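Visitor: coordinates only, no sequence provided:
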């Protein structure tokens, strides 16, 4: 399994628009990257003052809590896809509209700490899922949002999506670990 998880997915394993996320992920074992991100992002979130939890860097943009809630929702969906495809389920899966998920998530009524706890739980489950997959499962593919994607690529997409949003939290929201 190590060779498969350490190998960057080929561009044929995912739709081109996901290269923006995958390109953000350093080479190496993806499960280790996911673990490192869990530690780093948890440390970043632990230092967010209560006065910044509702901060939006621009009118109409998500708050810090909503960005984190979006990370939880998206990771669950990508992991669900990985589970289905990794177990050999060939049923095409629909896309999702994160724009409608965030308001429906009610993240503004929760504390950042509770959403951060949720993020840790989701990420731990994601790590366990990918740790338990062998090389054959990681190379299986399925259809989501009308395009093909491999299980291995989904792991890298999860890591890249997190990197993308954490960079925004640092650059546009001014968060520092």
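Guide: In hand now; what should we look at? As the structure is a prediction and not an experimental result, all values here were calculated from the model.
Visitor: list the contacts of the residue nearest the centre of the chain.
Guide: The C-alpha lying nearest the average C-alpha coordinate of the chain belongs to residue 158 (Cα atoms, centre = their mean; 3.4 Å). Applying Cβ atoms under 8 Å, 6 or more residues apart in numbering to residue 158 gives the contacts 34, 74, 75, 78, 79, 126. C-betas here are computed from N, CA, C, even on glycine.
Visitor: which two in those are spaced the farthest apart?
Guide: Farthest-apart pair in these is 34 and 74; separation 13.9 Å (Cβ to Cβ).
Visitor: before we move on, back to that, just checking, the residue nearest to the centre of the chain is part of a helix?
Guide: Yes - according to DSSP: H, G, I helix; E, B strand; the rest coil, residue 158 belongs to a helix.
Visitor: and it, how far is that from residue 34?
Guide: 7 Å (Cβ to Cβ, to the nearest Å).
Visitor: now do the shared contacts for those two.
Guide: The contact lists of residue 158 and residue 34 share residue 126, where a contact means Cβ under 8 Å, 6+ apart.
Visitor: neighbour count: residue 34 and residue 74, which is higher?
Guide: Set residue 34 next to residue 74 and count neighbours by other Cβ atoms under 10 Å: residue 34 wins out with 23 against 19.
Visitor: residues contacting whichever strand or helix holds residue 36, please?
Guide: Taking DSSP states H and E as the criterion, residue 36 maps to helix 30-46. By Cβ under 8 Å, 6+ apart, the surrounding residues in contact with helix 30-46 are 5-6, 25-26, 68, 112, 116, 119-120, 123-124, 126-127, 130-131, 152, 155-156, 158-159, 162-163, 166, 169-170, 175-177.
Visitor: going through those, which ones are buried?
Guide: Buried residues within these, counting neighbours by 16 or more other Cβ atoms under 10 Å: 5, 25, 68, 112, 116, 119-120, 123, 126-127, 130, 152, 155-156, 158-159, 162-163, 166, 169, 175.
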